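S.K.: here is the input, now give the coordinates:
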Amino acid sequence: MGKKFYYFLARFTIVHLITYVFIGVLFMNIQNYPNIFIGVEQFESLRVSNSLIIRTAPLWQVLRGLFLATILYPFYEIIIKSKYAILKLFFLILGLSLIGGLFPAPGTIEGFIYRSLTLTEHLNSLAKAAVQIYVFSWFFIKWENRTNRDYS
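M.R.: Predicted coordinates for the structure are as follows:
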């Protein structure tokens, strides 16, 4: 694997990390996460927000970004360099993350089946994820197109 792969990994991970943190903070404030997590029984098993692992969550997203980039790189020409690349990347990540998720997280198919949350609670989770994935896809594809233009 050459420089192109490593630069792809770096760009993908940087954009993933920035959009994850930005959209997470935005929705945390809009949806008032601390009050939601205290008041909803479904979140009892979550760690408290001031625990070390929660405070380091963005660092864990570096690993997630590297993992996703490594999985997607073989499909670079099919997804990234194609027509409608933003939408293709968006729906692929959305599908793998939410629809294809195996854990019953709110907003996933498994969550709808196994959790007793309201439809609104599921849709709120889905909205946050969809916004983050779309913003990520848009910025990443724009950066990739700019990078390839600069190499030409």
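S.K.: where does pLDDT dip in the protein?
M.R.: Applying pLDDT under 70 to the chain flags residues 1, 31-49, 148-152.
S.K.: can you rerun that using 50?
M.R.: Low-confidence regions of the chain, defined by pLDDT under 50, span residues 152.
S.K.: residue nearest the centroid of it?
M.R.: Ile133 (5.0 Å; C-alpha atoms, centre = their mean).
S.K.: would you tell me which helix is longest in the chain?
M.R.: What stands out as the longest helix in the chain, according to DSSP state H, is helix 119-151.
S.K.: which residues of this structure fall in helices?
M.R.: Going by DSSP H, the chain shows helices at 3-30, 33-39, 52-55, 57-72, 85-94, 109-114, 119-151.
S.K.: just to revisit the earlier point, ok, the residue nearest to the centre of the chain - contacts?
M.R.: Neighbouring residues of Ile133 by C-beta atoms under 8 Å, 6 or more residues apart in numbering: Phe90, Ile93, Leu94, Ser97. (Glycine included, C-beta is placed from N, CA and C.)
S.K.: I am finished for the moment; much appreciated.
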